[in-house]
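S.K.: this is a predicted model, with the sequence first.
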Amino acid sequence: MEKRTLRSSSRLAAAAAAANKDNNPDQPNDKNTDEGTAENTTPGAADAIEGVESAIVAGDQKRRSQYKANTMPKTTKEAVNKRVKEDAQLRKQRREELVSAKRFKRSKDQAEPAEGDEEVELGKDQLDSLQALLKSEKRAEKVQALKSVSDYLTTHSDSRSLQTLVSSKDFVTNLEGLLTGSDAEEQLLAASVVTNMAAGGSPELCEAALNTAPHLIQFLDSQNLALVDQSAWALGNIAADGPKFRDRLKDNGVLAPLIKLLESKDLNLVQTACFALSNLARGEGAQQEELVKAGLLKPLLHHLRVDTEPAVISEAAWVVVYLTSGPENVSTQLLEHRLIPLLVAPLKDFLDQKALAIPLVRALGNIASGPDNNTAALINEPGFLSAMLQFIQSDCRPVKKESLWLMSNITADHTGSDLIKVIDAGFIPVLSRIASHQNFDIRKEAAYSLINLASHGPDYAKALPHRELLPVFLDFMRIKDHELISLGLRYVQLLLNSGIQDAPALLSEMNGVDALEAVILSDDRDQHRLASLLMDTYFGENNHGSRVPTPIPGTPDPSGVSTNNPGTGGGPHGSSSLSSSSSDPTSLPPQYLKRASMSAI
């Protein structure tokens with residue numbers, strides 16, 4: 001049985017920022033936009049939603065700020081133009097603001113870059129002046145210099161001259177001096193500079209930021225909550241730069257004080273701690289067991305159990321995403337602590353939270369990609385199927401795609417009684433509609449679920465609306481995409497093996513023969529072989545040399561003679577017709593498709 005394995009991609013930060021801003025216009029500004037006082041220094045889960053569609057794309061969001069009175073699109077063309085404009089805005093925001101799972105800190109009076117603005121290289125005199133001001137004996141000059149450097153790191157992050165200055169030994173020494181000083185404001189501003197150094201994406205900047213890590217870790221025990229929050233934020237950015245930085249932080253003892261922050265009554269601080277912990281749990285070789293041994297599970301699951309603020313739940317769920325993408329024994333411990341109800345219970349409250357829902361769905365998807373008893377537990381959890389039926393219809397593209405991926409793992413479950421619950425919940429009509437009318441990447445995700453359902457036997461295959469779906473999968477076979485062609489072929493194979501008497505005629509009616517002949521010319525040997533086999537088995541040549549349907553084995557042919565049916569015996573409670581022991585050379589092995597995310601790391 002193949003599994004669509006775990007997802008642990010980088011965050012959809014741009015999608016989250018847009019979704020949170022539009023869904024919660026009365027909330028204070030978050031840290032990926034404009035910043036309030038020094039005490040309000042939490043990155044917020046909205047900025048954390050992980051991203052980038054090398055990972056998954058953050059387009060197609062209907063931003064609420066555009067839905068004011070009398071602004072609803074009046075025509076289809078207006079609606080399409082609005083969606084295109086929203087996509088462009090979100091992609092631009094993602095390019096400018098997101099570097100992996102990192103987050104910049106912006107000062108209160110720092111303006112967002114205007115569309116079309118070009119970054120101007122900072123002059124040498126300007127940078128030399130900043131360096132001199134940092135060494136000034138006048139406190140006001142040092143404070144202003146720190147603010148300027150922090151702002152420049154967000155507005156001129158690609159400036160080579162700025163990177164050279166900030167990563168220099170002299171600058172880092174000055175910064176460490178401010179961090180170890182006695183002035184609380186200077187310490188906080190210096191920590192903000194480190195935060196933006198680590199967010200900049202330059203290895204040199206992050207290496208320089210790493211030198212300050214011992215001081216930041218020490219600040220996690222401070223009584224100054226603003227400094228604690230900013231230090232945890234900076235450490236989270238450093239950890240996001242890769243395994244080397246993540247492991248160095250662990251070696252410096254970052255886990256215990258960060259986990260202790262989860263006991264704080266300050267929810268902003270809890271969010272920041274979860275952000276940092278999620279980056280310490282992500283990526284290859286993350287050794288998630290270390291976080292479990294350090295005592296993470298109890299306080300983390302406590303927040304999922306008792307908190308009601310969506311941003312806090314979402315941030316905590318990101319930690320769960322990376323834990324469930326690790327060793328199976330970690331997932332087992334989480335499940336023993338009743339993780340599934342904790343993730344399913346808030347789903348109904350996240351239906352209108354857009355990208356904030358992604359970590360909940362992805363964590364559930366990671367669970368579903370495990371053993372079949374995990375899948376069964378999800379299907380039988382009250383409220384799960386009803387919530388997922390709504391999530392796969394979300395107008396937030398990343399949420400829709402994540403939810404469809406999750407359902408493709410759910411439909412790979414072996415147990416017939418569980419699958420009947422999925423069918424009875426009404427998924428087939430919705431999945432069929434999505435597979436027929438969305439963009440190809442979304443259609444593909446829905447197609448996996450439909451194929452998985454049909455793969456369980458003829459009775460399941462017969463439950464699908466083939467007259468509606470066959471054109472969809474024939475379209476797949478005509479696209480120059482290996483995965484889509486394979487999906488199309490698999491569907492045609494399942495249809496022809498289903499025992500539906502008029503299946504070959506239906507395929508012929510919808511020009512499926514032409515689609516099969518096109519695949520026969522494919523350079524892919526497996527696709528060529530299967531298409532040829534289906535053609536030879538189900539379509540013979542007439543006197544004019546044209547391909548025409550032939551009777552399916554097991555159904556009456558025109559002479560009234562019934563032939564052996566390799567598809568009998570399958571169904572919700574019987575053995576699948578797709579058994580590998582079948583004598584029919586066109587039958588499929590019992591292979592229910594579970595795939596890794598395209599953005600998995």
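M.R.: On my side now, so go ahead. Residues are numbered from 1 along each chain as shown.
S.K.: show me what contacts residue 431?
M.R.: 392, 404, 407, 446, 449-450 (C-beta atoms under 8 Å, 6 or more residues apart in numbering). C-beta here means a position set from N, CA and C on the backbone, and glycine is covered the same way.
S.K.: could you name the specific helix or strand carrying it?
M.R.: helix 427-437 (DSSP states H and E).
S.K.: and that helix, what's buried?
M.R.: 427-428, 430-432, 434-435 (16 or more other C-beta atoms under 10 Å).
S.K.: what's the answer for stretch 491-504, then?
M.R.: 491-500, 503-504.
S.K.: again with stretch 166-181
M.R.: For stretch 166-181, using 16+ other C-beta under 10 Å, the buried residues are 166-167, 171-172, 174-176, 178-179.
S.K.: cool, and stretch 358-376?
M.R.: By neighbour count on 16+ other C-beta under 10 Å, the buried set for stretch 358-376 is 358-370, 374-376.
S.K.: rounded mean pLDDT for it, please.
M.R.: In this model, stretch 358-376 carries a mean pLDDT of 94.
S.K.: surely residue 269 and residue 261 touch.
M.R.: Yes. Proximity of residue 269 to residue 261 meets the contact threshold set by C-beta atoms under 8 Å, at 5.8 Å.
S.K.: and this structure, split by domain according to the record?
M.R.: The chain breaks down by automatic domain parsing into domains covering 13-68+75-97, 371-601.
S.K.: pick out the shakiest of these, pLDDT-wise.
M.R.: domain 13-68+75-97 (a mean of 41).
S.K.: just to revisit the earlier point, nearest to residue 412 among the buried residues of stretch 358-376?
M.R.: residue 375 (7.2 Å; C-beta to C-beta).
S.K.: what strand or helix carries the closest one?
M.R.: Assigned by DSSP H and E, residue 375 belongs to helix 372-379.
S.K.: state the pair within the buried residues of stretch 358-376 that is farthest apart.
M.R.: Farthest apart among these - using C-beta to C-beta - are 358 and 376, which lie 24.1 Å from each other.
S.K.: let me see the ranges of the helices in the stretch 201-350 of the chain.
M.R.: 203-210, 213-219, 225-239, 243-251, 255-261, 267-280, 288-293, 297-306, 310-324, 328-336, 339-344 (DSSP state H, counting those that start in this stretch).
S.K.: tell me which of the ones you listed sits nearest to residue 195.
M.R.: Among the helices of the stretch 201-350 of the chain, if distance is taken as C-beta to C-beta, the winner is helix 225-239, at 4.2 Å.
S.K.: please point out which parts of the closest one sit buried.
M.R.: For helix 225-239, by 16+ other C-beta under 10 Å, it's 226-239.
S.K.: residues touching the closest residue to residue 245 other than its chain neighbours, list them.
M.R.: Once flanking residues are discounted, residue 245 sits nearest to residue 238: 5.2 Å by C-beta to C-beta, 6 or more residues apart in numbering. Contacts for residue 238 were tallied using C-beta under 8 Å, 6+ apart; they are 198, 206, 209-210, 213, 245, 249.
S.K.: quick one: which of those is most hemmed in?
M.R.: residue 198 (33 neighbours; other C-beta atoms under 10 Å).
S.K.: does that one touch residue 233 like I think?
M.R.: No. With contacts defined as C-beta under 8 Å, residue 198 does not count as touching residue 233, sitting 9.2 Å away.
S.K.: which residues in this structure form strands?
M.R.: 539-541, 547-549 (DSSP state E).
S.K.: what segments of the stretch 451-600 of the chain are helices?
M.R.: According to DSSP H, counting those that start in this stretch, the helices that the stretch 451-600 of the chain contains are 458-462, 466-478, 482-497, 503-509, 512-520, 525-538.
S.K.: name the helices or strands packed onto the helix holding residue 375?
M.R.: When contacts are defined as 3 or more C-beta pairs under 8 Å, 6 or more residues apart in numbering; DSSP states H and E, helix 372-379 packs onto helix 339-344, helix 358-368, helix 397-410, helix 416-424.
S.K.: out of these, nearest to residue 527?
M.R.: Taking the helices and strands packed on helix 372-379 one by one with C-beta to C-beta, helix 397-410 is closest: 21.0 Å.
S.K.: okay, angle between that closest one and helix 427-437 too, please.
M.R.: Helix 397-410 runs at 130 degrees relative to helix 427-437, counting by axes from the mean of the first three to the mean of the last three C-alpha atoms, to 10 degrees.
S.K.: what comes up buried for stretch 278-289?
M.R.: Buried, per 16+ other C-beta under 10 Å, within stretch 278-289: 278-283, 286-288.
S.K.: and if you look at stretch 123-134?
M.R.: 127, 130-131, 133-134.
S.K.: format these as CSV; extra columns: distance to residue 477.
M.R.: Shown next, in CSV, are the buried residues of stretch 123-134 (distance: C-beta to C-beta, whole Å):
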residue, distance to residue 477
127, 58
130, 61
131, 63
133, 66
134, 64
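S.K.: just those residues now: which is nearest residue 468?
M.R.: residue 127 (63.5 Å).
S.K.: residue contacts, that closest one?
M.R.: Counting by C-beta under 8 Å, 6+ apart, residue 127 makes contact with 161-162, 165.
S.K.: now swap in residue 309 and tell me
M.R.: If you count contacts by C-beta under 8 Å, 6+ apart, then residue 309 has residue 267 around it.
S.K.: which pLDDT value belongs to it?
M.R.: We have a pLDDT of 94 for residue 309.
S.K.: not counting residues beside it along the chain, what's closest to residue 183?
M.R.: Residue 183 sits nearest to residue 139 (C-beta to C-beta, 6+ apart), 7.0 Å away.
S.K.: correct me if wrong: that neighbour contacts residue 182.
M.R.: No. Using C-beta under 8 Å, residue 139 is not in contact with residue 182, being 11.5 Å away.
S.K.: and those two? Which one has more around it.
M.R.: Neighbour comparison, residue 139 and residue 182: the larger count goes to residue 139, with 11 against 6 (by other C-beta under 10 Å).
S.K.: residue 297 versus residue 281, what's the distance?
M.R.: 12 Å (C-beta to C-beta, to the nearest Å).
S.K.: overlap in contacts, the two.
M.R.: In contact with both residue 281 and residue 297: no residue, using C-beta under 8 Å, 6+ apart.
S.K.: then stretch 416-428 to PDB, C-alphas only?
M.R.: What follows is stretch 416-428, C-alpha atoms only, in PDB (Å, rounded to 0.1, in the frame of the first residue of the first chain):
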ATOM      1  CA  GLY A 416     -15.200  -0.800   3.600                       C
ATOM      2  CA  SER A 417     -17.400   0.300   6.400                       C
ATOM      3  CA  ASP A 418     -15.300   3.400   6.900                       C
ATOM      4  CA  LEU A 419     -15.400   4.300   3.200                       C
ATOM      5  CA  ILE A 420     -19.200   3.900   3.200                       C
ATOM      6  CA  LYS A 421     -19.300   6.700   5.800                       C
ATOM      7  CA  VAL A 422     -17.200   8.900   3.500                       C
ATOM      8  CA  ILE A 423     -19.600   8.200   0.600                       C
ATOM      9  CA  ASP A 424     -22.700   8.700   2.800                       C
ATOM     10  CA  ALA A 425     -21.300  12.000   4.000                       C
ATOM     11  CA  GLY A 426     -21.800  13.300   0.400                       C
ATOM     12  CA  PHE A 427     -18.200  13.600  -0.800                       C
ATOM     13  CA  ILE A 428     -18.600  12.000  -4.200                       C
END
